[in-house]
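S.K.: just coords:
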């Protein structure tokens, strides 16, 4: 088993993380930041998952794990993470093939991605035989990964926050797949990357700084030629069958973005889901108004 093969490395890693965090806690009050933020890895069936975590000192609240959309990375949540980490551990992993996480050798489906994330959480000590379940937040692709986790590994999932659900009825999914889930022309169109940079950084003006947009662009590029695999997994996923199986409490914040109406429709399919209207905010709110999103997410997660 892959976990057995990496047991010694895992032990060294956990010891190192514990020592690093202990050193942070032991720093003087004057020098110690209010929130510690660090990078680490967890083993999974594809290799390793890269995680950026943030936490205050001494919180006993249930941790929150945030899963990003394609083709971003966990860094997408940087500002939101630091707001939510005021009172709990917040982990932002890169899903397999994105950011700093190892990639599958062949194209994964949503169940594959969910199983890999379950491996990582087991490796970090959560679940039935460890520290129990955690809370999960997704966005676009990340939402279907956490749906599948909720179904396959309920011991890892307490509550779900699901803004931006890419829900389309079965009859529409194939057209969406053909529209969005195609190989990118990195090696056939010399202008592709330049045009993408213009669209996502140079010509974008929705309240984010150019430096932050550049950072997000760099993370997007890290996914490389297989960046479309996440989109393909989403539009091949049978959401009509899966969503009604989610029994955990779910909050669906509705942002003013392309998936606002699909999110409303998806919420109706989950037996314990409710919505929160944030349609005065665009998707850029993760970066320029994270406290507004946190204001509806935190009370939901703080329920028993």
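M.R.: Yes, it's here. Note that this is a predicted model, so its numbers are computed, not measured. Numbers count the residues shown, from 1 in each chain.

S.K.: show me where this structure has strands.
M.R.: Along the chain, the stretches classed as strands by DSSP state E are 35-44, 47-56, 64-67, 90-93, 134-138, 157-161, 250-255, 273-278.

S.K.: Columns mean pLDDT, mean neighbour count and distance to residue 219 on top of these, output as CSV?
M.R.: All C-beta atoms are positioned from the backbone trio N, CA, C, and that covers glycine. Putting the strands of the chain into CSV (pLDDT from 0 to 100; neighbours: other Cβ atoms under 10 Å; distance: least, Cβ to Cβ, whole Å) gives the following:
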stretch, mean pLDDT, mean neighbour count, distance to residue 219
strand 35-44, 96, 19, 14
strand 47-56, 98, 21, 11
strand 64-67, 98, 26, 14
strand 90-93, 98, 27, 11
strand 134-138, 98, 25, 17
strand 157-161, 98, 23, 22
strand 250-255, 98, 23, 20
strand 273-278, 98, 17, 24
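
S.K.: Just tell me which of those ends up closest to residue 103.
M.R.: Evaluated with Cβ to Cβ, those place strand 47-56 nearest to residue 103, the distance being 8.0 Å.

S.K.: What's the separation between the spatially closest residue to residue 52 that is not a sequence neighbour and residue 167?
M.R.: Leaving out its chain neighbours, the residue that sits closest to residue 52 by Cβ to Cβ, 6 or more residues apart in numbering is residue 92, at 5.0 Å. As for residue 92, its distance to residue 167 is 23 Å (criterion: Cβ to Cβ, to the nearest Å).

S.K.: Report the mean confidence score over stretch 213-229.
M.R.: Confidence over stretch 213-229 (mean pLDDT, whole number) is 94.

S.K.: you'd agree the residue nearest to residue 52 is up against residue 75?
M.R.: Yes - shown here, residue 92 and residue 75 form a contact pair, counting by Cβ atoms under 8 Å, at 7.1 Å.

S.K.: how near is residue 259 to residue 93?
M.R.: When distances are taken as Cβ to Cβ, residue 259 and residue 93 turn out to be 21 Å apart.

S.K.: Name the residues contacting each of residue 92 and residue 75.
M.R.: For the pair residue 92 and residue 75, residues contacting each of them under the criterion Cβ atoms under 8 Å, 6 or more residues apart in numbering are residue 52.

S.K.: Am I right that residue 253 is in contact with residue 274?
M.R.: No - contact criterion Cβ under 8 Å: residue 253 and residue 274 do not qualify, at 10.0 Å.

S.K.: Touching both of those two, which residues are there?
M.R.: Listed as contacting both residue 253 and residue 274 by Cβ under 8 Å, 6+ apart is no residue at all.

S.K.: so where do the helices sit in the stretch 101-250 of the chain?
M.R.: Per DSSP state H, counting those that start in this stretch, the stretch 101-250 of the chain carries helices over the ranges 110-123, 141-152, 170-180, 192-197, 210-222, 229-236, 239-242.

S.K.: The first one versus strand 134-138: what angle between them?
M.R.: Which is helix 110-123. Relative orientation of helix 110-123 with respect to strand 134-138: 140 degrees, computed using axes from the mean of the first three to the mean of the last three Cα atoms, to 10 degrees.
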